[in-house]
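Chemist: coords below, sequence missing:
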């Protein structure tokens, strides 16, 4: 039978864990609020870019633009955004499940698939499944800096325009609301697919009865398309990272809330067990004293 | 105050949110090849932006001689004009009007410190130096506007 001292030790240990999980829940709640405000503020920007992009992809003048044509190099790239830290439930497993469809599709079609990933928890999971990422971004924070996203955008656009890349997609946890997040892929290139996806997310596609022919472009429409494409790709990468971090904090908040509740339940059970053990010990001691006194008489 | 058939809507959107959404009479913004002025009934246009200060005339001003203006620093992006709506989709935009002087100082100090660090490539540094000079100019304008209103 466990003694009262051991029960007390265990209860104290669980109490420390409870404090830790509670603190982590609070940290994630604060961070979630911070990122949520940024996410909300950036929505107008993404919508405005998507509308301008929609105007361009519907232009018959741009069918031969290198960013809108289909490449046949046989190489695809997936950027997988996993969680920044642990203790966030099945977050990385969901991202991995979404990645598996790309891996099996590439195998079936005999295409080369490169996986890029920030140096986070997901890399460990990928290594466990025998997948080695082609590139690991080592110096990335929770949110990558503007310069890091600029570099990423330049690389994608330059490779796509040079015909070295067929497809670039980002696998991440998309944030819909605090109650709903889902692992999804956002196609970045071909650009037409990205704009198609983005316009379905915006509130209005193109609210005016104007087409490309009615517009005056400065500089030329080709140059505008490239510049706008870079901005759209940049903002899409940023919004994917933002969604991923928001979803991660939601997942951690839920996981830590459950852990705190479980710890509280365990503390209650251990307190009851401790009181029972203490009572038994007192009864035993009293019986010893009474029987000892009776023996003396 | 101008009547509604002289005005149009101007919206400035940056990655950090919407900075301005107002009715205006005239706007001058920095395009990639110089300043561009926009009035009501401007033809539909999609224009690449450069670095510079954007001026939006405030319609609430009663004086014809001394109209009130809103000044913003714009760094790259696109301007879209259609159906009497000017949308500035800026890569970076700053508005210092109504911001406390201490906060303006802090913004300038942060920009100077960042420039002193080694995060930028030589080409980016050149651009950032230019941006800082516009930011200083914008801060001076904002303080002058504030003093005038006091």
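Modeler: That came through, no problem. A quick note: this is a predicted structure, and the numbers were derived from the prediction, not measured.
Chemist: can you give me the helices for chain B?
Modeler: B:101-116, B:122-149 (DSSP state H).
Chemist: what angle do the last one and helix B:101-116 make?
Modeler: In other words, helix B:122-149. With axes from the mean of the first three to the mean of the last three CA atoms, to 10 degrees defining the directions, helix B:122-149 sits at 170 degrees from helix B:101-116.
Chemist: Does anything pack onto helix B:122-149? Which helices or strands?
Modeler: Contacting helix B:122-149 under the criterion 3 or more CB pairs under 8 Å, 6 or more residues apart in numbering or on different chains; DSSP states H and E are the following elements: strand B:51-58, strand B:69-82, helix B:101-116. Heads up, the C-betas are built off the backbone N, CA and C, glycines and all.
Chemist: Give me the buried positions along stretch A:278-292.
Modeler: Within stretch A:278-292, no residue counts as buried by 16 or more other CB atoms under 10 Å in any protein chain shown.
Chemist: residue ranges for the helices of the stretch 51-200 of chain A, please.
Modeler: Ranges of helices within the stretch 51-200 of chain A are A:91-109, A:121-128, A:146-161, A:191-201, based on DSSP state H, counting those that start in this stretch.
Chemist: For residue B:114, which of those is the nearest?
Modeler: Ranking the helices of the stretch 51-200 of chain A by proximity to residue B:114 (CB to CB) places helix A:146-161 first, at 11.2 Å.
Chemist: pLDDT of that closest one, averaged?
Modeler: Mean per-residue pLDDT for helix A:146-161: 91.
Chemist: could you say what helices and strands it packs with?
Modeler: Counting by 3+ CB pairs under 8 Å, 6+ apart, helix A:146-161 packs on strand A:180-189, helix A:221-296.
Chemist: Any idea how many residues pack against the residue of the stretch 51-200 of chain A found nearest chain B?
Modeler: Chain B sits closest to residue A:52 of the stretch 51-200 of chain A, with a gap of 5.8 Å, by CB to the nearest CB. Here the number of neighbours of residue A:52 (other CB atoms under 10 Å in any protein chain shown) works out to 20.
Chemist: Write out the residues of the stretch 51-200 of chain A neighbouring chain B.
Modeler: The stretch 51-200 of chain A has residues A:52, A:55, A:147 near chain B, with proximity defined as CB under 8 Å from any CB of the partner chain.
Chemist: Need the helices of the stretch 51-200 of chain A in a markdown table (columns: mean neighbour count).
Modeler: Converted to a markdown table, the helices of the stretch 51-200 of chain A look like this (neighbours: other CB atoms under 10 Å in any protein chain shown):
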| stretch | mean neighbour count |
| --- | --- |
| helix A:91-109 | 17 |
| helix A:121-128 | 17 |
| helix A:146-161 | 17 |
| helix A:191-201 | 18 |
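Chemist: List the residues that contact the residue of chain B at minimum distance from chain A.
Modeler: For chain B and chain A, the shortest gap (CB to the nearest CB) falls at residue B:17, measuring 3.3 Å. Going by CB atoms under 8 Å, 6 or more residues apart in numbering or on different chains, residue B:17 touches A:41-42, A:44-45.
Chemist: list the contacts for the closest residue to residue A:120 other than its chain neighbours?
Modeler: Of all residues not flanking residue A:120 in the chain, residue A:82 sits nearest, at 4.7 Å (CB to CB, 6 or more residues apart in numbering or on different chains). Residues near residue A:82 by CB under 8 Å, 6+ apart: A:91-92, A:95, A:117-118, A:120-123, A:125.
Chemist: got it, and residue A:251?
Modeler: Shown in contact with residue A:251 (CB under 8 Å, 6+ apart): A:83, A:88-91, A:173, A:181.
Chemist: Can you tell me how far residue B:23 is from residue A:90?
Modeler: 50 Å (CB to CB, to the nearest Å).
Chemist: which of the two has more neighbours?
Modeler: Each of residue B:23 and residue A:90 has its neighbours counted (other CB under 10 Å); residue B:23 has more, 15 against 12.
Chemist: Under the pLDDT cut-off, which ranges of the chain? List them.
Modeler: Just going to use chain A. Within chain A, the stretches with pLDDT under 70 are A:1, A:62-63, A:202-208.
Chemist: I was after chain B.
Modeler: The low-confidence ranges in chain B, as defined by pLDDT under 70, are B:1-4, B:60-67, B:148-150.
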